[in-house]
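S.K.: Next comes the sequence, and after it the predicted model I'd like to discuss.
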Amino acid sequence: MAFNGSGVFTRVRNWAQDKLNSLNPTAARFDEHDDDIALGLTNCITKDGQTTLTQNIPFGTRKITGLGDATAATDAMNRQASDARYLQGAVAPVFTAFPVELEGAAPILLFDETDAAANERIWFWRSLGGRMLLSSATDAAPTTAVQNAIDIDRSGTVVNYIALEATTITLNSVNITDYARLSLVPTFTGGQLRVAGVQAIYVWDETDAAANERLWKVYTNGGIWRLVTQTDAEGGEVTAISLDRTGTTVDSIALTATSVTVNGNAVLTAASSIAADQISTTYTDADTSTALTVGAGHAETIRRMTGASAVTITLPNSVPSGWAVGDTMVFIRGTAQTVTFTSAGTIRSKGTSTITVQNGMVSVTLAASGVWQLGGDV
């Protein structure tokens, strides 16, 4: 009968009972008895490893002691090897092999700050639908996201977007609302907009401008500030304004254009267009005359009148000798006496035709034959 199914070995023969029953021992009875013992022994686990188990062994809460460290994938693991390989709840783990992997349809790494305020304990990272999410959760539903603080989406290895969601978001300790955004017209409240770098550059791109008229660029390099034009491909740079400096002193301002105007007046842009009488200006000081007729030698000159009596300046009703339409003469009233302009032709002035203020200055321009334009203190 050997073992009874509960681990109890029951002998098939009871020799004492056989004697009481007047049963003589025989070879057949001995064989039956020994075969039963052999069957029982065959069903035991041999210590030298000859036996292969055919069923699971219930240990009844007992321990296997002295178990060696596991080496093969199918080896049982003792506590020593388990402590070295797997996380323990009360011990901070130290990983010595990488990577550490979380696998599953939606793997989660949960942080539970046990001494935090109510519903402030749980943060968890999870990978879901190709997105990586850092979420907050309530204490009662620790793996149900309430708000995704960080949301990262991908296509293959390309990161499509990183979305941040919070009441306040800061970058380098600066509130995100203070940063300029491409989709909005920024308002800078700091009182200063600074572009810094080895070559500080600011570009204006007028997207609806004509071809090769979109880009203006301002930059500094080598202590020189430039405003330049560029092609739409950011090439073909042409300098419009250039400022050079030594320390805080501005050494030069260069303007380069087909036409340059100052206060609406054209400025000569090529040496070849400068007339001989415009290269230098004659200045006559302390003219004590009380009367003067504008004529030859007066175009493009400056004259300061200092006579003791009122001065009369006569402007011809023609083009004076040595003059051309557009030429100018400047008069300065150097005393308390008035300087009055008269002409048989036409005098145009936004005021009067007399200088009445001490050190007043008037420009007299030949606008047309016999037509004179007064400008200044009249």
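M.R.: That came through fine.
S.K.: got any ranges where the stretch 51-200 of the chain has weak pLDDT?
M.R.: Scanning the stretch 51-200 of the chain for pLDDT under 70 picks out 87-89, 182.
S.K.: hey, where'd the strands end up in it?
M.R.: With DSSP state E, counting those that start in this stretch as the criterion, the stretch 51-200 of the chain has strands at 108-112, 122-128, 131-137, 147-155, 158-164, 170-171, 174-175.
S.K.: quick one: buried residues of stretch 289-301?
M.R.: Within stretch 289-301, the residues scored as buried using 16 or more other CB atoms under 10 Å are Leu292, Val294, His298, Ala299, Glu300, Thr301. Where C-beta positions appear, they are placed from N, C-alpha and C, glycine not excepted.
S.K.: Tabulate those (TSV), appending distance to Gln192.
M.R.: Putting the buried residues of stretch 289-301 into TSV (distance: CB to CB, whole Å) gives the following:
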residue	distance to Gln192
Leu292	56
Val294	54
His298	52
Ala299	50
Glu300	46
Thr301	48
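S.K.: ok, so of the residues you listed, who is nearest Ala141?
M.R.: Glu300 (91.3 Å; CB to CB).
S.K.: What backbone torsions are found at that closest one?
M.R.: Dihedral pair for Glu300: phi 60, psi 40, per degrees, to the nearest 10.
S.K.: re the thing from before, next, format the strands of the stretch 51-200 of the chain as TSV and append mean neighbour count and distance to Asp69.
M.R.: Shown next, in TSV, are the strands of the stretch 51-200 of the chain (neighbours: other CB atoms under 10 Å; distance: least, CB to CB, whole Å):
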stretch	mean neighbour count	distance to Asp69
strand 108-112	13	29
strand 122-128	17	33
strand 131-137	18	37
strand 147-155	14	41
strand 158-164	11	43
strand 170-171	11	51
strand 174-175	10	55
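S.K.: Could you report the neighbour count for Gly66?
M.R.: By other CB atoms under 10 Å, 6 other residues sit near Gly66.
S.K.: Would you reformat the strands of the stretch 51-200 of the chain as a markdown table and include distance to Asn265?
M.R.: As requested, the strands of the stretch 51-200 of the chain are exported to a markdown table (distance: least, CB to CB, whole Å):
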| stretch | distance to Asn265 |
| --- | --- |
| strand 108-112 | 73 |
| strand 122-128 | 69 |
| strand 131-137 | 65 |
| strand 147-155 | 60 |
| strand 158-164 | 55 |
| strand 170-171 | 49 |
| strand 174-175 | 47 |
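S.K.: mind checking which of those is nearest Ala210?
M.R.: Going by CB to CB, the one of those nearest Ala210 is strand 158-164, 34.9 Å.
S.K.: Contacts for the closest one, please.
M.R.: Taking contacts as CB atoms under 8 Å, 6 or more residues apart in numbering, the residues outside strand 158-164 that touch it are Asn148, Ala149, Ile150, Asp151, Ile152, Asp153, Arg154, Ile176.
S.K.: mind running it again at 6 Å?
M.R.: For strand 158-164, contacts defined as CB atoms under 6 Å, 6 or more residues apart in numbering pick out Asp151, Ile152, Asp153.
S.K.: okay, the angle between it and strand 147-155?
M.R.: Calculated by axes from the mean of the first three to the mean of the last three CA atoms, to 10 degrees, strand 158-164 forms an angle of 170 degrees with strand 147-155.
S.K.: strand partners of strand 158-164, parallel vs antiparallel please.
M.R.: strand 147-155 (antiparallel) (DSSP bridges).
S.K.: could you list every residue that touches Arg245?
M.R.: Counting by CB under 6 Å, 6+ apart, Arg245 has contacts Gly223, Asp251.
S.K.: what's the pLDDT at it?
M.R.: What the model reports as pLDDT for Arg245 is 94.
S.K.: go on, Ala271?
M.R.: We have a pLDDT of 49 for Ala271.
S.K.: Which residue comes closest to Trp225 once chain neighbours are left out?
M.R.: Of all residues not flanking Trp225 in the chain, Leu243 sits nearest, at 4.5 Å (CB to CB, 6 or more residues apart in numbering).
S.K.: Can you show me the strands along the stretch 201-350 of the chain?
M.R.: Under DSSP E, counting those that start in this stretch, the stretch 201-350 of the chain gives strands at 201-205, 215-221, 224-230, 238-246, 249-255, 260-262, 265-267, 282-287, 291-293, 301-305, 311-315, 328-333, 339-343, 346-348.
S.K.: Could you export those strands as a markdown table, including distance to Pro25?
M.R.: Converted to a markdown table, the strands of the stretch 201-350 of the chain look like this (distance: least, CB to CB, whole Å):
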| stretch | distance to Pro25 |
| --- | --- |
| strand 201-205 | 114 |
| strand 215-221 | 118 |
| strand 224-230 | 119 |
| strand 238-246 | 127 |
| strand 249-255 | 132 |
| strand 260-262 | 138 |
| strand 265-267 | 142 |
| strand 282-287 | 159 |
| strand 291-293 | 171 |
| strand 301-305 | 158 |
| strand 311-315 | 167 |
| strand 328-333 | 156 |
| strand 339-343 | 166 |
| strand 346-348 | 160 |
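S.K.: where among these is the average confidence lowest?
M.R.: strand 265-267 (a mean of 71).
S.K.: Domains in the protein, by residue range?
M.R.: Split into domains by automatic domain parsing, the chain comes to 108-164, 201-255, 279-376.
S.K.: Deepest-packed of those, please.
M.R.: Greatest average neighbour count among those goes to domain 279-376 (a mean of 16), per mean count of other CB atoms under 10 Å.
S.K.: Just tell me which of the strands of the stretch 51-200 of the chain ends up closest to Arg214.
M.R.: If we rank these by CB to CB, the stretch that ends up nearest is strand 158-164, at 28.4 Å.
S.K.: OK, contacts around Phe341?
M.R.: Taking CB under 6 Å, 6+ apart as the test, what Phe341 contacts is Ile313, Ser353.
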